[in-house]
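Chemist: The sequence and its predicted three-dimensional model are supplied below.
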Amino acid sequence: MVIVIARFEPKPDRLDEFLALLRDVQAASREDAGCLHYGYYREVADDLRFIAVEEWEDAGTLKAHLRTPHVARLIAALPEHASAPVEIAAHTVSESGPLPL
């Protein structure tokens, strides 16, 4: 499994437009082969900071996702919509299970 975590801050004056784009990208990405989870979330302490969490079956399905038109649209929109550089990290997971509390 590969988990991708992205952190980003949209420009306040472009927020509504950017949220519409995120909704479209999220819906399309959830239909991509190998997608286990895909979502965008707002930080509790700051409404203008977001995090994306993606889970992919493997590196191959993630690579295929990165070549889709909806990802290209998102990447092309970032310069005019983001107020800071986007931070993205991919994590390869060898084992996963419930966390005992």
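Modeler: Structure's in. What do you need?

Chemist: Pull the distance from stretch 90-101 to the chain's centre.
Modeler: Its chain's C-alpha centre lies 19 Å from the corresponding centre of stretch 90-101 when counted by C-alpha atoms, centre = their mean, to the nearest Å.

Chemist: tell me, what residue is most central in this protein?
Modeler: Of all residues in the chain, the one closest to the mean position by C-alpha atoms, centre = their mean is residue 52, 3.8 Å from it.

Chemist: check which helix or strand covers it.
Modeler: Secondary structure assignment for residue 52, by DSSP states H and E: strand 50-56.

Chemist: hmm, back to that, tally up the residues packed near the closest residue in space to the residue nearest to the centre of the chain that isn't next to it in sequence, please.
Modeler: Using C-beta to C-beta, 6 or more residues apart in numbering and skipping residues adjacent in sequence, the residue nearest residue 52 is residue 6, 4.1 Å away. In short, each C-beta sits where N, CA and C put it, glycine included. The criterion is other C-beta atoms under 10 Å. On that basis, residue 6 has 15 neighbouring residues.

Chemist: same question for the helix or strand harbouring residue 6, mean pLDDT?
Modeler: Under the assignment given by DSSP H and E, the secondary-structure element containing residue 6 is strand 2-8. Per-residue pLDDT over strand 2-8 has a mean of 97.
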